[in-house]
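# okay, sequence plus prediction incoming.
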Amino acid sequence: MQTLDSTQLQPQPVPTTDAFLVIENVSKVYPTPNGGTYTVLDGVNLAVQEGEFVSIIGHSGCGKSTLMDMVSGFRTPSSGEVRLRNQRITEPGPDRMVVFQNYSLLPWMTAYENVYLGLHAARPELSKSEKAAIARDHLAMVGLSDAMDKKPRALSGGMKQRVSIARALALRPEVLLLDEPFGALDPITREELQEELLKIWTDHRVTVLMITHDIDEALLLSDRIVMMTNGPAAKVGEILDVPFARPRNRSRVMEDPRYYELRNEALDFLYHRYAHDDVS
Ligand SMILES: Nc1ncnc2c1ncn2[C@@H]1O[C@H](COP(=O)(O)OP(=O)(O)OP(=O)(O)O)[C@@H](O)[C@H]1O
């Protein structure tokens, strides 16, 4: 565990250049309506190894989505850079797929068509039957073989999020970006999907960067938990290493005495050292 007292908060070290995904000295400044500027992130450093599962937690508004948007390429840093395999990220690409909380499926298409369309756009070199097989396989992987022909309005929230995950993974991204993926789901469905994601990640070892407000979710799934300081000018405050052996299951993880130590460490960071009125 890397621990830092808030009074001793030091900038996280600049990542080495050979890490898989590197966020190096990234700052983001937005213009304000009165002609001024608002610094959301200030000098964020993080290196993610290939196949790692990293969660980002921090209070609402500290800039988690902004940071993730700079990895997906939907936004660009005001200074610093984000690199994947030593290539600077300047725009979105199929090597970095995002799953949002609100599913973002096309409502007039079936589950299968939603997955197929992504493949069609990103992998035009594949034949129709290859794309169809990949779409079916990925829907089966998330347990939706029987619901492939349903449109989003006929799917539950959990099923829609399964389609979103299948659609993202079907493109075989190098990095899967999850922005509060289970935030809209009821607690039982949420736990089910966490376990499915754990299994998928164990089987496929895609590199994952996930924003969550749920410390237990982060502890179950992650190799490391990145805790952001409050904005403006948020930074990486502390990083928790999550030591539980893999493959994991919820009850084994929760029986481990270190679970409560880590949980308390995260709670202390968020609700004492970086307490915020706007707790989410
Ligand atoms: N395009 C923009 N222009 C100006 N300010 C913005 C823009 N996008 C985001 N912000 C501001 O940047 C700050 C960080 O927003 P961001 O959505 O990244 O935070 P977050 O940590 O993901 O929040 P939440 O947990 O509530 O989703 C907020 O104060 C937000 O109002």
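Received, thanks.

# what's the closest non-adjacent residue to Val142?
Spatially, and ignoring its direct neighbours in sequence, Val142 is nearest to Arg162 (3.9 Å; C-beta to C-beta, 6 or more residues apart in numbering). Bear in mind the C-beta positions are built from the backbone N, C-alpha and C, glycine included.

# in which helix or strand does the one you found reside?
Counting by DSSP states H and E, the element that carries Arg162 is helix 157-170.

# ok and the helix or strand following that helix relative to helix 157-170, angle-wise?
Using DSSP H and E, the helix or strand that directly follows helix 157-170 along the chain is strand 175-179. Here strand 175-179 runs at an angle of 160 degrees relative to helix 157-170 (axes from the mean of the first three to the mean of the last three C-alpha atoms, to 10 degrees).

# re the thing from before, quick one: the helix holding Arg162 to chain centroid distance?
With C-alpha atoms, centre = their mean, to the nearest Å as the basis, the distance from the averaged C-alpha position of helix 157-170 to the chain average is 14 Å.

# pull the CA atoms of the top helix by length along the chain into PDB?
Looking across the chain with DSSP state H, the single longest helix is helix 187-204. Extracted as PDB, the C-alpha positions of helix 187-204 are listed here (Å, rounded to 0.1, in the frame of the first residue of the first chain):
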ATOM      1  CA  PRO A 187     -27.800  -3.400  -5.900                       C
ATOM      2  CA  ILE A 188     -28.500  -7.100  -6.800                       C
ATOM      3  CA  THR A 189     -28.000  -6.600 -10.500                       C
ATOM      4  CA  ARG A 190     -24.900  -4.500  -9.800                       C
ATOM      5  CA  GLU A 191     -23.400  -7.400  -7.800                       C
ATOM      6  CA  GLU A 192     -24.200  -9.800 -10.600                       C
ATOM      7  CA  LEU A 193     -22.600  -7.700 -13.200                       C
ATOM      8  CA  GLN A 194     -19.500  -7.000 -11.000                       C
ATOM      9  CA  GLU A 195     -19.100 -10.800 -10.800                       C
ATOM     10  CA  GLU A 196     -19.500 -11.200 -14.600                       C
ATOM     11  CA  LEU A 197     -17.000  -8.500 -15.300                       C
ATOM     12  CA  LEU A 198     -14.600 -10.100 -12.900                       C
ATOM     13  CA  LYS A 199     -14.900 -13.400 -14.800                       C
ATOM     14  CA  ILE A 200     -14.600 -11.700 -18.200                       C
ATOM     15  CA  TRP A 201     -11.600  -9.800 -17.100                       C
ATOM     16  CA  THR A 202     -10.000 -13.000 -15.600                       C
ATOM     17  CA  ASP A 203     -10.600 -14.900 -18.900                       C
ATOM     18  CA  HIS A 204      -9.500 -12.100 -21.200                       C
END
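
# what comes up buried for it?
Neighbour-count burial for helix 187-204 flags Thr189, Arg190, Glu191, Glu192, Leu193, Gln194, Glu196, Leu197, Leu198, Ile200, Trp201 (criterion: 16 or more other C-beta atoms under 10 Å).

# show me which of those residues is closest to the ligand.
Using C-beta to the nearest ligand atom, Arg190 comes nearest to the ligand of the buried residues of helix 187-204, at 16.8 Å.

# now the closest one: closest residue in space, sequence neighbours ignored.
In this structure, Arg190 finds its nearest non-sequential neighbour in Phe182, 4.4 Å apart by C-beta to C-beta, 6+ apart.

# please identify the helix or strand for the one you found.
Mapping Phe182 onto the secondary structure by DSSP H and E places it in no helix or strand at all.

# list the contacts for it?
When contacts are counted by C-beta atoms under 8 Å, 6 or more residues apart in numbering, Phe182 touches Gln101, Gln161, Thr189, Arg190, Leu193, Gln194, Thr212, Asp214, Glu217.
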